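Undergrad: generate coordinates for the sequence data below:
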Amino acid sequence: MVASISLPDESAQTAAPVAPPHPAAERIDVLDFIRGTALFGILLMNITGFGLSHAYSNPLNNGGATGADLWAWIIIQMGFEGTQRALFSVLFGAGIILLTERLEATNPVGAADIFVRRNLLLIAFGLFNAWILLWAGDILYFYGLTALIVFGFRKLPARWLMVIGAAALVLTACWSLKEGFDDLSAHQEAQAAQKVLASGKTLTEEQQAAIDGWKEKLEEHRPPKDVIDQGIAAHRSGWAGTLGAIAPEVMWMESWFFYRYFGDIFGMMLIGMGLFKSGVLTLKRPSSLYWLMVVGGYAVGLAVNYWEVTWIMRHKFDLLAYKQTEITYDLGRLAMMIGHLGTLLLFFRSGVLPWLRRSVAAVGQMALTNYLTHSLVCLILFTGFGLYGQLARHQLYYIVLAICTVQLVISPIWLRHYRFGPAEWLWRSLTYLRKQPFRRLQAA
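TA: Coordinates of the predicted model:
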């Protein structure tokens, strides 16, 4: 059974090119549960990209920045920004270990071939999500590419996986720090050039470039109203118009953005592999460790994120304030991710609300289908019905609640009758080059 949106199939058994479905009893339910929760968290983060123009981080652009809309921005920024992709990357890494260990135990000769084909197909799903379902923020493409590189690290001990993963995150954070300081320097140069201009002196080419460069950054952060209106009109003009509007962003995401943030995805995957090998993700460690993750993660994460949010608000969402908070961004989001992970593991271990745990696990079990469904439903709502740019920010979360509720109900019902979600079944059949059984056999 497919393990996740981006996780390799943790139920694979491959004595031959075709792997029969792994018995449900042998699934690692806690990973399905975390995956389902993270899937909803991904939608929580993505919904502003689906429904608003240029408003993912700056609420002044579209969707409102007062009252309930402001509180929606505050809650997301403090509690979830940057944490969900980190959590998904951790789960992806765990899934790589699950898949490859089972492949190599039963079909060592064909294991690499199956793994590579599986992730090439994941890349194809990502391209479909971006270019057909029109979601520029697709993550499948990135995971499929990165998995092909992470594969070579799977045999390392847990300690080394986490050390190398942490080093990759540090390098990525250092890159972000450099960009942050470069932007602050660019602002200072532009301010100095403005003073020269105000004094009546002639600007040098470098001084004019400094002014123009900062002005361009300001317009990216707070586009003119006509630019926002044009984007809204394009997204409401139908499938072709939306494709034309997002095509440059998709190309940028699938090239420079992947290169820029490769270390983040790569590092979190390695850490996930290490956490799985060490038993952290499978609840083999004492509860005291998970409580330490919760207390320590939230203590650091909430403190850092609170400072960032209040600093931005105090400076009225000015670009310079955003650039200043980028310096602490990675510290806050990674600490919050650790807190979330510890909380989810403790909740699952507690045994409370078993019906909820089963429903969320079912969502995670068919997460590829559910993830693509998010894009399809939002394409219908925001492009088909013309709701793009029309709702207040807080109203978008009613849509999130509705989608999550429906998937919590439908996913466990579907899995009573079928072995996989539709997308998981297609992915698995193409991976093993043979049609896989779909319906569950009824007991005599």
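Undergrad: for this structure, which spans come out with low pLDDT?
TA: 1-27, 442-444 (pLDDT under 70).
Undergrad: surely E179 is in contact with Y329?
TA: No. In this structure E179 lies outside contact range of Y329 using C-beta atoms under 8 Å: 10.6 Å. Heads up, the C-betas are built off the backbone N, CA and C, glycines and all.
Undergrad: quick one: what helix or strand has the nearest residue to P422 once chain neighbours are set aside in it?
TA: Closest residue to P422 apart from its sequence neighbours, by C-beta to C-beta, 6 or more residues apart in numbering: T369 at 5.5 Å. T369 belongs to helix 367-378 when assigned by DSSP states H and E.
Undergrad: so what secondary structure elements neighbour that helix?
TA: Secondary-structure packing of helix 367-378 (3 or more C-beta pairs under 8 Å, 6 or more residues apart in numbering; DSSP states H and E): helix 29-51, helix 111-131, helix 393-417, helix 422-431.
Undergrad: the strand or helix carrying Q208: what's the following helix or strand?
TA: Per DSSP H and E: Q208 is located in helix 205-221. Using DSSP H and E, the helix or strand that follows helix 205-221 towards the C-terminus is helix 225-235.
Undergrad: only the buried residues of the helix or strand following that next one, if you could.
TA: Sequence order places helix 239-252 as the next helix or strand after helix 225-235, per DSSP H and E. Buried residues in helix 239-252, counted by 16 or more other C-beta atoms under 10 Å: 242-243, 245-246, 250.
Undergrad: just want the angle from helix 239-252 to helix 225-235.
TA: Taking axes from the mean of the first three to the mean of the last three C-alpha atoms, to 10 degrees, one finds that helix 239-252 is oriented at 120 degrees with respect to helix 225-235.
Undergrad: just the angle between helix 239-252 and helix 111-131, please?
TA: 130 degrees.
Undergrad: ok, then the element right after helix 239-252?
TA: Following helix 239-252 in sequence, per DSSP H and E, is helix 258-260.
Undergrad: re the thing from before, which one's more surrounded, E179 and Y329?
TA: Y329 (19 against 14; other C-beta atoms under 10 Å).
Undergrad: the more buried one touches L177, doesn't it?
TA: No. Using C-beta under 8 Å, Y329 makes no contact with L177, being 9.5 Å away.
Undergrad: what do the two both touch?
TA: Listed as contacting both Y329 and L177 by C-beta atoms under 8 Å, 6 or more residues apart in numbering is no residue at all.
Undergrad: the closest residue to R439 other than its chain neighbours and I403: what is the separation?
TA: What sits nearest to R439 in space, not counting adjacent residues and going by C-beta to C-beta, 6+ apart, is Y418, at 5.9 Å. Counting by C-beta to C-beta, to the nearest Å, the gap from Y418 to I403 is 20 Å.
Undergrad: what about these two, which has more around it?
TA: When neighbours are counted by other C-beta under 10 Å, I403 comes out ahead of the other of Y418 and I403, with 19 against 16.
Undergrad: against L39, how distant is that one?
TA: On the measure of C-beta to C-beta, I403 and L39 end up 10 Å apart.
Undergrad: list residues touching both of these two?
TA: By C-beta under 8 Å, 6+ apart, no residue touches both I403 and L39.
Undergrad: what helices or strands is the lengthiest helix in the chain leaning on?
TA: Secondary structure of the chain per DSSP state H: the longest helix is helix 158-198. Judged by 3+ C-beta pairs under 8 Å, 6+ apart, the packing partners of helix 158-198 are helix 205-221, helix 262-277, helix 319-325, helix 329-350.
Undergrad: among the ones you listed, which is nearest T172?
TA: helix 262-277 (3.7 Å; C-beta to C-beta).
Undergrad: next, the angle from the closest one to helix 158-198.
TA: Using the same axes, to 10 degrees: helix 262-277 against helix 158-198 is 150 degrees.
Undergrad: number the residues from 21 up from this point.
TA: All set: I'll call the first residue 21, so the last point we hit is now helix 282-297.
Undergrad: and the following helix or strand past helix 282-297, how far out from the chain middle?
TA: The helix or strand immediately downstream of helix 282-297 is helix 307-334, counting by DSSP H and E. With C-alpha atoms, centre = their mean, to the nearest Å as the basis, helix 307-334 stands 20 Å off its chain's centre.
Undergrad: check contacts around the most centrally placed residue in the chain.
TA: Nearest to the geometric centre of the chain sits R105, at 3.1 Å (C-alpha atoms, centre = their mean). Residues near R105 by C-beta under 8 Å, 6+ apart: 62, 65, 159, 284-285.
Undergrad: who wins for neighbours among the residues you listed?
TA: I285 (27 neighbours).
Undergrad: what does stretch 401-421 contact?
TA: Here stretch 401-421 has contacts from 60, 63-64, 67-68, 70-73, 75, 79, 82-85, 87-89, 91-93, 154, 248, 251-252, 255-256, 258-259, 262, 398, using C-beta under 8 Å, 6+ apart.
Undergrad: if we use 7 Å, what do you get?
TA: For stretch 401-421, the surrounding residues in contact (C-beta atoms under 7 Å, 6 or more residues apart in numbering) are 63-64, 67-68, 70-73, 79, 82-84, 88-89, 92-93, 154, 252, 255-256, 258-259, 262.
Undergrad: of those, buried ones?
TA: For the contacts of stretch 401-421, buried by 16+ other C-beta under 10 Å: 63-64, 67-68, 70-73, 79, 82-84, 89, 92-93, 154, 252, 255-256, 262.
Undergrad: who's in contact with the nearest residue to V50 once chain neighbours are set aside?
TA: Counting by C-beta to C-beta, 6+ apart, V50 lies nearest to F368, which is 4.9 Å off, once chain neighbours are set aside. Contacts for F368 were tallied using C-beta under 7 Å, 6+ apart; they are 50, 53, 377.
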